[in-house]
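Student: What would the 3D arrangement of this be:
(one chain, ligands or ions: 1)
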Amino acid sequence: MDSAPKTMMMPTAVAFFEDEGLRVRSLMNNTRTVELDLGRILCMQGGDGDGSYARNSEAPASAITLSKPFILLAIRSMKLFPDDPSLRIADLGCATGYNTLAAIDLVVETLRRRYRVECNREPEFEAFFSDLPSNDFNTLFRSLPPANGDEKQRYFAAGVPGSFYHRLFPKRKLHMALSFSALHWLSKIPEEVLDKGSAAWNKGRAWIDGAKKEVVEAYARQSEVDLKAFLKCRREEMVEGGVLFMLMAGRPSSERPENQLGDPDSRAKHPFTSSMDEAWQDLLNEGLIDEERRDTFNIPAYMRSVEEVKAAFEGCEGLEVMGVEYRRLVEHPKEKQEEWVRDPASYGKAKANMVRATLKPIVEAHLGPTLCEELFKRFQNRASADIDMLRKTCFYGVILVSAVKN
Ligand SMILES: C[S@@+](CC[C@H](N)C(=O)[O-])C[C@H]1O[C@@H](n2cnc3c(N)ncnc32)[C@H](O)[C@@H]1O
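Tutor: Numbers count the residues shown, from 1 in each chain. So this is what the prediction gives:
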């Protein structure tokens, strides 16, 4: 990170002119901190433009492909419900784009085949697409297969807005609950991380990889509270014999929580680390924001270990783990990486679009639209300028879990 501070011009006036959308509050020590109501602003970038999630979700798509054998195994060992006229499946944290449709299709078609063979009948299917209310449900609904009123339509679709850390369905409603690449998003930034007077103040970093132990511990505590809440809600909502399948970003068991990303190349190249911190520092050095504005921005994501996931299940009777595994995904195919080494500018652009797709709504809520775009431009420049980094390979760790409701 370029840490040499340059002269700061008009820090407060410029930094705070776009405060709309933020809930600003003072903590007891009178430090000015910004607490975002994440449940209202967190989402992937909607629409289908260059920086949209729908056009920048290849890594989560690979995660769904990786999940396929695990899902098929879970469905093969799942109890059937011959007396239920319809089967109800929910995708929690569905976002927009093709991934959620592919996941629902896979589950519906696999279950349909089992019913045809073993029960000599096909149930009807209900698919619930659930995400935070800020999700672009309109774009998602437009991409659904057309419902033509035909009795044989693949499934009946519905949107369910709300946080998966709360109840979303009535008791004993769901036969299958799925969640892909979503559960590493926390319900909030821990309060102490937003308190300038606390040891957990996360100075100079947008995220927690390599951060002080107090910051990482605060995130780890929040992650534990959140995952337990998620499991308790699903336990209520699922029918007996129902299956829960989750894939979330995770870290290897051998790594301490402050090393969220495993190997050094992945740590350096991950979109939440070096280039992101450098981009914030650029805004600061150019006098476009002040330090506090930079340091109050934190990415609400935590990569759990397999042990942390298992511990959450141990505190939640009624959900029995069938399998849990850590796996790694490479960020891009090798050919794509070689192409980018020949054309670093297009790499910077692609990487910035990927980050826009994931972070734009929360960065925009923090900085306003103009400075938000300035940040992503700095990110793009930083990413395309570092050829050595471009040659490195970044892996995304994921944890796959399947569980059955007893
Ligand atoms: C990276 S996207 C994954 C989308 C999709 N499942 C896929 O595999 O492409 C993560 C999604 O989780 C959603 N999400 C994050 N926190 C959530 C919460 N507390 N409740 C519901 N959805 C949440 C985000 O809004 C986002 O749409």
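Student: where does Met322 land in three-state SS?
Tutor: Counting by DSSP: H, G, I helix; E, B strand; the rest coil, the backbone at Met322 sits in strand.
Student: roughly how far apart are it and the ligand?
Tutor: Between Met322 and the ligand the distance is 21 Å, computed by CB to the nearest ligand atom, to the nearest Å. In this view, the C-beta of every residue, glycine as well, is placed from N, C-alpha and C.
Student: before we move on, what about His166?
Tutor: Taken as CB to the nearest ligand atom, the span from His166 to the ligand is 8 Å.
Student: Can you give me every residue that contacts that residue?
Tutor: By CB atoms under 8 Å, 6 or more residues apart in numbering, the contact set of His166 is 229, 233.
Student: is it true that it lies in a helix?
Tutor: No - counting by three-state DSSP, His166 is not part of a helix but coil.
Student: Now the residue positioned nearest the centre of the chain: which helix or strand?
Tutor: The residue lying closest to the centre of the chain (CA atoms, centre = their mean) is Ala182, at 3.8 Å. Assigned by DSSP states H and E, Ala182 falls within no helix or strand.
Student: Quick check: closest non-adjacent residue to it.
Tutor: The spatially closest residue to Ala182, leaving aside those adjacent along the chain, is Gly93, at 2.5 Å (CB to CB, 6 or more residues apart in numbering).
Student: Then Ala229?
Tutor: Leaving aside its chain neighbours, Ala229 sits nearest to Tyr165 (4.7 Å; criterion: CB to CB, 6+ apart).
Student: Let me know the pLDDT of that neighbour.
Tutor: Note for Tyr165: predicted pLDDT of 95.
Student: Surely it is in contact with Lys228?
Tutor: No - using CB atoms under 8 Å, Tyr165 is not in contact with Lys228; the gap is 9.6 Å.
Student: which of those two has more neighbours?
Tutor: Neighbour count, other CB atoms under 10 Å: between Tyr165 and Lys228, Tyr165 has more, with 20 against 17.
Student: which residues does that one contact?
Tutor: 187, 226, 229-230, 233.
Student: Could you count how many residues lie near the residue nearest to Ala182?
Tutor: For Gly93, the neighbour count with other CB under 10 Å is 24.
Student: That one and Trp185 touch, don't they?
Tutor: Yes - counting by CB under 8 Å, Gly93 sits close enough to Trp185 to count as a contact (7.4 Å).
Student: Phi, psi for the residue in the stretch 301-406 of the chain positioned nearest to the ligand please.
Tutor: With CB to the nearest ligand atom, the shortest gap between the stretch 301-406 of the chain and the ligand falls at Thr358, namely 6.4 Å. Here is the backbone geometry of Thr358 (degrees, to the nearest 10): phi -90, psi -40.
Student: Around it, count how many other residues there are.
Tutor: Thr358: 25 surrounding residues under other CB under 10 Å.
Student: Let me see the contact set for it.
Tutor: 44-45, 53, 56, 271.
Student: Pass me the low-pLDDT residue ranges in the protein, would you?
Tutor: 1-36, 39, 51, 53-54, 147-152 (pLDDT under 70).
Student: Give me the distance between the most far-flung residue of it relative to its centre and the ligand.
Tutor: The centre of the chain is farthest from one residue, Asn120, which by CA atoms, centre = their mean lies 39.2 Å away. Counting by CB to the nearest ligand atom, the separation of Asn120 from the ligand is 34 Å.
Student: Next: Gln153.
Tutor: Going from Gln153 to the ligand by CB to the nearest ligand atom gives 23 Å.
Student: wait, is that residue part of a strand?
Tutor: No - judged by three-state DSSP, Gln153 forms no part of a strand; its state is coil.
Student: my guess is Pro125 meets Ala157, correct?
Tutor: Actually, residue 125 is Phe rather than Pro. No - under the criterion of CB under 8 Å, Phe125 is not in contact with Ala157, lying 9.5 Å apart.
Student: Neighbour count: these two, which is higher?
Tutor: Phe125 (23 against 18).
Student: For the more buried one, which non-adjacent residue is spatially closest?
Tutor: Once flanking residues are discounted, Phe125 sits nearest to Tyr155: 3.9 Å by CB to CB, 6+ apart.
Student: give me every residue that touches the one you found.
Tutor: Neighbours of Tyr155 in contact, by CB under 8 Å, 6+ apart: 89, 104, 108, 124-127.
Student: which residues does the closest residue to Ser181 other than its chain neighbours contact?
Tutor: In space, Ser181 comes closest to Pro60 once its chain neighbours are excluded; the distance is 4.2 Å by CB to CB, 6+ apart. Contacts for Pro60 were tallied using CB under 8 Å, 6+ apart; they are 99, 180-181.
Student: Could you rerun that using 10 Å?
Tutor: Applying CB atoms under 10 Å, 6 or more residues apart in numbering, we find Pro60 in contact with 44, 53, 95, 97, 99-100, 103, 180-182, 247, 249, 329, 358, 396, 398.
Student: and it, that's in a strand?
Tutor: No - checked against three-state DSSP, Pro60 lies outside a strand; its state is helix.
Student: So the residue nearest to Ala182 is in contact with Gly162, correct?
Tutor: No - with contact defined as CB atoms under 10 Å, Gly93 does not count as touching Gly162 (11.0 Å).
Student: Common neighbours of these two, please.
Tutor: Counting by CB under 10 Å, 6+ apart, the residues touching both Gly93 and Gly162 are 130-132.
Student: which residue ranges form the helices in the stretch 201-350 of the chain?
Tutor: Per DSSP state H, counting those that start in this stretch, the stretch 201-350 of the chain carries helices over the ranges 213-237, 264-269, 274-285, 291-295, 306-314, 334-342, 344-367.
Student: relative to helix 334-342, how tilted is the host helix or strand of Ala63?
Tutor: Using DSSP H and E, Ala63 maps to helix 58-76. Angle, helix 58-76 to helix 334-342, by axes from the mean of the first three to the mean of the last three CA atoms, to 10 degrees: 170 degrees.
Student: what's the offset of helix 58-76 from the middle of its chain?
Tutor: Offset of helix 58-76 from its chain centre (CA atoms, centre = their mean, to the nearest Å): 17 Å.
Student: Also stretch 236-247?
Tutor: 20 Å.
Student: same question, stretch 384-394
Tutor: 24 Å.
Student: ok, now stretch 273-281?
Tutor: Between the centre of stretch 273-281 and the centre of its host chain there is 20 Å, according to CA atoms, centre = their mean.
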